[in-house]
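Trainee: Below are the sequence and a predicted model for it; my questions follow.
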Amino acid sequence: MSYVIAGYAITFGSIAGYALRVRWRTRSLQRALREERG
Amino acid sequence: MTSTIAPTTVETAPAPRRKGWIGPTLGAAALAASAAAAVQGLVVMGPTANQGQYSRLLVVHPPLATGAYLAFGVTVVASVLFLIPRTRRPEWDQLAGASAEIGVLFCALTLVTGSIWGHNTWGVWWTWDARLTAEALLLALYLGYLALRRVPAEETVRGRRCAIAALVAALDIPVDHFATSWWRTLHQGSSISLTQPDKHLDAAHGVGLLLGFIAIALVYAWLLGHRYRLEQLETRYESEGLSLALEERRAEGVER
Amino acid sequence: MWRDALLVAGKDLRIEARSRVATNQIAPFAFLVLVLFAFALDADRTVLAKTSAGLFWVAVLFSSLLAVQRSASVESADGARDQLRLSGLDPAGIFLGKAAAVAAQLLVLEVLLGAGVVILYGTHLSGILLIVATCVAATMGLAAAGTLYGSLAAGLKVRETLLPLLLLPVAAPVLLAATKASQAALDGTPAAGTGWVRLLAAFAVIYLTFGVIAFGSLLEES
């Protein structure tokens, strides 16, 4: 059963982690673009 | 070699801060569906006779597998649209790349959940089950595609190159399936397949499976929107201001 | 298209005849792989003979990587690619020609490797017809997919590491099918192998067709 829970955790955890990473990269790019425009 | 895309203007007006409602709504829906699926899978659904607790993985594994193929399908369609001169737009290339990355995520998760399921049924962490093997090959195909995307090049060149690679990989998938399923039917007698739920599933399992599919579909759409936007930002970032330095870096990627 | 194909194939084979890369480097490499397998499997002749179909095809697969790399690098030297593009040759013909040249080299290699396997592993040959059919079909598929990816990766600095990553997953079903078919031939049950040969033929047709359609796009890039 613990493996099953681990499976769920890994699944949703990595999805969330990936989403956070995308958000982080997006924010930093948006910041950089704003700085570019001065 | 003239680019077929009009060069993006360097001087762009600051992007208006549109408070779009689609993204957050999609995100909320994805979250809700995932929560519902998880609850269904972990709490509502009971263990089955054949697979014990592991039938709970039905909620995540088949949807993830389908999601991986769906994501790749989007990559392929977007690649085709990018290759056809009449429909060629940079958006298709960006969509292809974004979907591929999400597909890799789903594919890897499919393998992990499949491995966990298989560990219960066969006692080993990996089995050369037809579907798992085909999924592993899909992952390899994806990784090759993503590696190709990272090679710096001018936009249309890179896009066209990646699009063709995506198609070459896509053509392989049906061949993979025939090959792996013939391969395994010659060997095994196992009647339980990873993605074929047993016939004796009760309604709770059916609901769980359905919720899983809905959740993954929503998650995919939500992630795709964000990743696609990121891809567009990266393209814009590259063409604005830093073009000189980037040109130099790109030139390093190609032998002269 | 066919005329251009013959032209390009002839050119590639002539370059090979003059530079002898395949005979001097790729073939020895292939034999080396066979030898290494023997080391890895402890020179147990029964195991080697039993698995020789698979080992043979793995060696062919790795050698095809080299052959395809070589075929693509012939063009990227000295801006030959641009000349090829401007030469007015039909891109489909160029594709078929290059693939044919690679296929020819691989077929010769397979004959040599076959002899190698018989000698080194003590394999008993049987079902020759099936083996030949397997080799032809598998080689055409490998050459087609390889030429596509080879051209795609040509001129990239990361070509050496990228090409295997791209080509091997695509070639995996070929390895599988060719091994099963060859195994059926060696086991004396050729009937079991015909389905696999059909799969190999389908693979070859798919990729040859795709190459004919898409190669023009590939050449277009700078």
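Mentor: Sure thing, it's come through.

Trainee: The stretch 51-200 of chain B: strands as residue ranges?
Mentor: Remark: no strands are assigned in the stretch 51-200 of chain B by DSSP state E, counting those that start in this stretch.

Trainee: where in the chain is pLDDT low?
Mentor: Since no chain was named, I'll use chain A. Residue ranges of chain A with pLDDT under 70: A:36-38.

Trainee: ah, I was thinking of chain B
Mentor: Chain B contains residues with pLDDT under 70 at B:1-19, B:46, B:48-51, B:185-201, B:241-248, B:255-256.

Trainee: 50 instead, please
Mentor: Applying pLDDT under 50 to chain B flags residues B:1-17, B:188-192, B:195.

Trainee: Now do the helices in the chain.
Mentor: Defaulting to chain A. A:2-37 (DSSP state H).

Trainee: wrong chain, I was asking about chain B
Mentor: Using DSSP H, the helices of chain B run over B:22-39, B:61-83, B:90-122, B:130-150, B:155-185, B:203-239, B:243-252.

Trainee: what sits up against stretch C:133-141?
Mentor: Identification of contacts with stretch C:133-141 by C-beta atoms under 8 Å, 6 or more residues apart in numbering or on different chains yields C:57, C:60, C:99, C:103, C:106-107, C:110, C:171, C:174, C:177-178, C:181-182, C:185, C:193, C:196-197, C:200-201, C:203-204, C:207-208. Quick note: C-beta positions are derived from backbone N, CA and C, even for glycine.

Trainee: which parts of stretch C:189-199 are buried?
Mentor: By neighbour count on 16 or more other C-beta atoms under 10 Å in any protein chain shown, the buried set for stretch C:189-199 is C:190, C:192-193, C:196-197, C:199.

Trainee: Now the closest residue to chain C within chain A. Nearest residue, chain neighbours left out?
Mentor: Closest residue of chain A to chain C, C-beta to the nearest C-beta: A:Y18 (22.0 Å). Nearest residue to A:Y18 in three dimensions, chain neighbours excluded: B:L105, at 5.4 Å (C-beta to C-beta, 6 or more residues apart in numbering or on different chains).

Trainee: again with C:L7
Mentor: Spatially, and ignoring its direct neighbours in sequence, C:L7 is nearest to C:G97 (6.5 Å; C-beta to C-beta, 6+ apart).

Trainee: do C:E16 as well
Mentor: With C-beta to C-beta, 6+ apart as the criterion, C:E16 has its nearest non-adjacent residue at 5.5 Å, and that residue is C:A22.

Trainee: from memory that neighbour sits against C:Q69, does it?
Mentor: No: using C-beta atoms under 8 Å, C:A22 makes no contact with C:Q69, being 11.5 Å away.

Trainee: Looking at these two, which is more packed in?
Mentor: It is C:A22, of C:A22 and C:Q69, that has more neighbours when counted by other C-beta atoms under 10 Å in any protein chain shown, with 25 against 22.

Trainee: sec struct for the residue nearest to C:E16, please.
Mentor: Following DSSP: H, G, I helix; E, B strand; the rest coil, we place C:A22 in the helix state.

Trainee: What lies in contact with stretch B:136-146?
Mentor: For stretch B:136-146, using C-beta under 8 Å, 6+ apart, the contacting residues are B:68-69, B:72, B:75, B:100-101, B:103-104, B:107-108, B:111, B:162, B:165-166, B:169, B:172-173, B:176, B:180, C:162, C:165-166, C:168-170, C:172-173.

Trainee: Same question for stretch C:205-213.
Mentor: With contact meaning C-beta under 8 Å, 6+ apart, stretch C:205-213 is reached by B:167-168, B:171, B:175, C:1, C:92, C:95-96, C:99, C:140-141, C:144-145, C:147-148.

Trainee: tell me which residues of it are tucked away?
Mentor: For stretch C:205-213, the neighbour count (16+ other C-beta under 10 Å) marks C:206-208, C:210-212 as buried.

Trainee: which of those residues lies closest to B:G20?
Mentor: Nearest to B:G20 among the buried residues of stretch C:205-213 is C:F210, at 39.1 Å by C-beta to C-beta.

Trainee: Which pLDDT value belongs to the closest one?
Mentor: Predicted confidence (pLDDT) for C:F210: 93.

Trainee: Shouldn't it be within a helix?
Mentor: Yes: counting by three-state DSSP, C:F210 is part of a helix.

Trainee: What is the neighbour count of C:L125?
Mentor: C:L125, neighbours per other C-beta under 10 Å, totals 13.

Trainee: For it, give me the backbone phi and psi.
Mentor: Main-chain torsions, C:L125, degrees, to the nearest 10: phi -80, psi 140.

Trainee: tell me the contacts of it?
Mentor: C:114, C:118, C:131, C:186.

Trainee: thought the third one was touching C:Q183?
Mentor: No: the pair C:I131 and C:Q183 does not pass the contact test of C-beta under 8 Å, sitting 10.3 Å apart.

Trainee: So for the two, which residue has more residues nearby?
Mentor: When C:I131 and C:Q183 are compared on other C-beta under 10 Å, the one with more neighbours turns out to be C:I131, at 24 against 21.

Trainee: Distance-wise, check the more buried one relative to C:S52.
Mentor: C:I131 sits at a distance of 11 Å from C:S52 (criterion: C-beta to C-beta, to the nearest Å).

Trainee: Can you check which residues contact both of the two?
Mentor: Common neighbours of C:I131 and C:S52 (C-beta under 8 Å, 6+ apart) are C:L186.

Trainee: Can you tell me how far B:L223 is from chain A?
Mentor: 6 Å (C-beta to the nearest C-beta, to the nearest Å).

Trainee: residues contacting the closest residue to that residue other than its chain neighbours?
Mentor: Spatial nearest neighbour of B:L223, excluding adjacent residues (C-beta to C-beta, 6+ apart): B:I102 at 5.0 Å. Contacts of B:I102 were listed using C-beta under 8 Å, 6+ apart, and they are A:18, B:71, B:220, B:223-224, B:227.

Trainee: Next, give me the two most distant ones among the residues you listed.
Mentor: Longest distance between any two of the contacts of B:I102 is 12.5 Å, between A:Y18 and B:A71; criterion C-beta to C-beta.

Trainee: Have a look at these two and say which one is more surrounded.
Mentor: Set side by side, A:Y18 and B:A71 show more neighbours around B:A71, with 24 against 19, by other C-beta under 10 Å.

Trainee: Touching, that one and B:A100? I think so.
Mentor: Yes: using C-beta under 8 Å, B:A71 makes contact with B:A100 at a distance of 7.0 Å.

Trainee: And the residue nearest to C:D12 when sequence neighbours are not counted, how close does it get to chain A?
Mentor: Among residues not flanking C:D12 along the chain, C:A101 sits closest, at 3.5 Å (C-beta to C-beta, 6+ apart). Taking C-beta to the nearest C-beta as the criterion, C:A101 is separated from chain A by 44 Å.
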